[in-house]
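**Q** For reference, the sequence and a predicted model appear below.
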Amino acid sequence: MQADQHPFTQTSDWTVEWFQKLYLNPSLNESEGQDLTMDVVYTWVNGSDPRLLAIKEKYQNQSPFFQAFWAADESRWGKLWNTNQTSTTSTDDQTTNRFRDMNELKYSVRSVSNYFSHSLFNRIHILTTAVDENLQEVQVPSWLDLELSGDRVRMVPHGAIFDNSSNLPSFNSLAIESQMHHIPGLTDIFLYLNDDVFLGRETSASDIWTPLYGFVFHMEPTLLVPPTLLPPPLTNTLSIGEWNSLQYSNYLLSRQFGARSRSYLAHVPHVLCTPMLKEIQHIWSEEFSQTSSHRFRGEGRAEDIQVSFFMAHYVMERLRETQLSSFWNYRLDFNLDGVLDWTERRKFLERMQRWNEGQARLAEVLNSAQGHDSASGFNDALQGYETHLARLGLPRSGSSEYKLSGLDGYPFMTQADVFELIQSLDGATIPSFSTNSQKTPYQPHVPVDRRLCYFNIDHCLGPQFSDKTIPYLNKTISSQIFEDLAFTKFQCGDCLLHMLRQSSSPTSSTKSSSTSSAGLGGEILPLNTQSLAFREVIADLHKYNFVIADSPYSFIQLQEPQEAKNKLDHIQSREYIEAFFCINDNVGENPTKVDQIRGIFADFLETRFPIPSPWEM
């Protein structure tokens, strides 16, 4: 299937009905999912190749970043010894493990060959670097038979994907990742793996992307990336870690969507999307250009975009924005005249007051249950998801369990504080929330109807919205109020979206799982199903749809021989459990340890993946 024919770019009648009602027509059959294919993309380098080492050394000598490191290093050692000696510290001591080849790619490809659904698999693209002065001859893994692999495995030189060839050769994986959506012939949806990431069980479309539920993201919800830039290290160092790029990425996202901490992306294969990355690059073109120009990690104050993290949270934010803006523009403004009159505002204010009171009563119900049933609630968009996937010929592989759909609200909305009893205007005692109404984020395993939020009307909407002496709020004022509650005061937008997908009655916590969901047609979508606005909202829902999923996976670092063996033995013992695992080379440069761990790792890989891929010599 060609990229421009991918179902990612298509909506159909059943797609419209799905978003309207979360209903799948029983007449649909498995043929709907038969044309779905995906590519696999690797970034790879053989850092032991003498030709590469020579080219790398040449460009290190030209790099101001490395020159500053060497100058600081010599100064530091000179002060310690009070002599003219220079440091014995090696540049490669701090970076060799990023480039060292322990034959991981061979076995990662075996894992893809063994476990990636054959009906889904299209081809493998291996991004590689040139190793000659003219940047023409590329590295090829010694075990790969290119003639045998035909068009199924492609070696793609960096020169084929970089917008600016003067940035080559590049030794910065983040720079290379920022360009990989330019691979010729790449499918719309693709699976990205570093060469130290492995599939451990059957992987199918339901673990990556489906037209029903969108992207499948695996997060570490308790590991949060701050929205601020990480300050440069106090001493010049080459060991720049991933958090510099993560915080820079969240800093950019926060300027666009609100300054919140965002969840870390798990060390598993990452779903990426060619049109989505092109869209992101169009918005942040200067930042992508800067990232691709950083030949070595750490250059440019280490301000590199981390593409997988960036795309996942961009998708999450755009789905949230699509739903909120659709309600604000086409449902709150009921007569669609572009202004918010007092009648429209009053109805909304009354509704939010009822919502707050209902949430307080729900809090009382949940508190009285003392959390015993906190994990047995109701997620509208995921009801019957296994049956729905199977009907389209996209059954679960068993490697991922869906926890929360973006169609049910922002997955990491913040929790409401405890409620208190207050006196209402008519003298009745009713529960309400304290004014300090936000704290830590909910986790995806907490069902949406077990989540509480308080919509602080004055804080979220400002004084003009509630002022009945103002008959109309024009489009400019309305838009500013929306921008504030959606992004600046993002907790307000989270709560509004949560309210739109839930009932204000505390009885919502007792919904039966057999209840048909109203979908987004009841509260969010434009009412005129023939309008351009309706079609545009449906298209964006389809494009930015996602679920948060859980999978059994491991991330381990190889440092000490015996510890490495114990960790690898543990993964081997979970052969039928582990869906994914990442094994990170963090050995350092001790030759004895490197040789010992190389042998231990080789034994594990051959035991775990004994069946050669069809493309090996």
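**A** That came through, no problem. Numbering: from 1, shown residues only.
**Q** Can you give me the neighbour number for G241?
**A** G241 sits with 12 neighbouring residues when counted by other C-beta atoms under 10 Å. Bear in mind the C-beta positions are built from the backbone N, C-alpha and C, glycine included.
**Q** Please apply the same query to the one 10 residues further on.
**A** Counted with other C-beta under 10 Å, the burial measure for Y251 works out to 17 neighbours.
**Q** Given the strand ranked longest in the chain, what are its sheet partners and their directions?
**A** Of all the segments of type strand in the chain, defined by DSSP state E, the longest one is strand 214-225. If you go by DSSP bridges, strand 214-225 pairs up with strand 209-210 (antiparallel), strand 262-265 (antiparallel), strand 546-550 (parallel).
**Q** Deepest-packed of those strands, please.
**A** The highest mean neighbour count among those, using mean count of other C-beta atoms under 10 Å, belongs to strand 209-210: a mean of 25.
**Q** Show me what it is in contact with.
**A** Contacting residues not belonging to strand 209-210 are listed as 8, 33, 36, 38, 189, 215-216, 271, 273, 389, 392, 394 [C-beta atoms under 8 Å, 6 or more residues apart in numbering].
**Q** Just the ones in strands from the residues you listed, please.
**A** Residues of these located in strands (DSSP E): 38, 189, 215-216, 271, 273.
**Q** Turn those into JSON lines, including neighbour count, distance to A312 and pLDDT.
**A** Output for these, formatted as JSON lines (neighbours: other C-beta atoms under 10 Å; distance: C-beta to C-beta, whole Å; pLDDT from 0 to 100):
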{"residue": "M38", "neighbour count": "23", "distance to A312": "17", "pLDDT": "96"}
{"residue": "I189", "neighbour count": "26", "distance to A312": "13", "pLDDT": "97"}
{"residue": "F215", "neighbour count": "27", "distance to A312": "7", "pLDDT": "98"}
{"residue": "V216", "neighbour count": "20", "distance to A312": "10", "pLDDT": "98"}
{"residue": "V271", "neighbour count": "24", "distance to A312": "8", "pLDDT": "98"}
{"residue": "C273", "neighbour count": "22", "distance to A312": "10", "pLDDT": "98"}
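**Q** In terms of distance to T529, which of those ranks first?
**A** Of all the ones in strands among the contacts of strand 209-210, T529 sits closest to F215, with 25.8 Å by C-beta to C-beta.
**Q** Surely that closest one and V271 touch.
**A** Yes. Counting by C-beta atoms under 8 Å, V271 is a contact partner of F215 at 5.3 Å.
**Q** Find residues that contact each of the two.
**A** With C-beta under 8 Å, 6+ apart as the test, F215 and V271 both reach 208-209.
**Q** And L24, how far from Q383?
**A** The gap separating L24 from Q383 is 11 Å, by C-beta to C-beta, to the nearest Å.
**Q** The spatially closest residue to Q443 that is not a sequence neighbour - how many residues pack around it?
**A** Counting by C-beta to C-beta, 6 or more residues apart in numbering, P221 is the residue found nearest to Q443 once chain neighbours are left out, at 5.1 Å. If you count neighbours by other C-beta under 10 Å, P221 ends up with 19.
**Q** Please identify which helix or strand holds E364.
**A** Using DSSP states H and E, E364 sits in helix 342-368.
**Q** which intervals of this structure have sub-threshold pLDDT?
**A** 1-7, 72-100, 135, 233-239, 369-376, 417-439, 503-518 (pLDDT under 70).
**Q** Domain ranges for it, per the record?
**A** 36-82+89-203+227-260+269-305, 318-549 (automatic domain parsing).
**Q** Please identify which of the ones you listed is closest to T15.
**A** Nearest to T15, of these and by C-beta to C-beta, is domain 318-549 at 5.9 Å.
**Q** next one: that closest one to chain centre, how far?
**A** The chain centroid and the centroid of domain 318-549 are separated by 22 Å, computed with C-alpha atoms, centre = their mean, to the nearest Å.
**Q** Please name the residues that touch M155.
**A** Contacts of M155 (C-beta under 8 Å, 6+ apart): 126, 128, 138, 140, 144, 146.
**Q** hang on, the fifth one packs against M617?
**A** Yes. With contact defined as C-beta under 8 Å, L144 and M617 form a contacting pair (7.2 Å).
**Q** So for the two, which sits in the more crowded spot?
**A** Using other C-beta under 10 Å, the more surrounded residue of L144 and M617 is L144, with 19 against 11.
**Q** wouldn't V594 be in contact with V587 here?
**A** Yes. Contact criterion C-beta under 8 Å: V594 and V587 qualify, at 5.4 Å.
**Q** neighbour count winner among those two?
**A** V587 (23 against 19).
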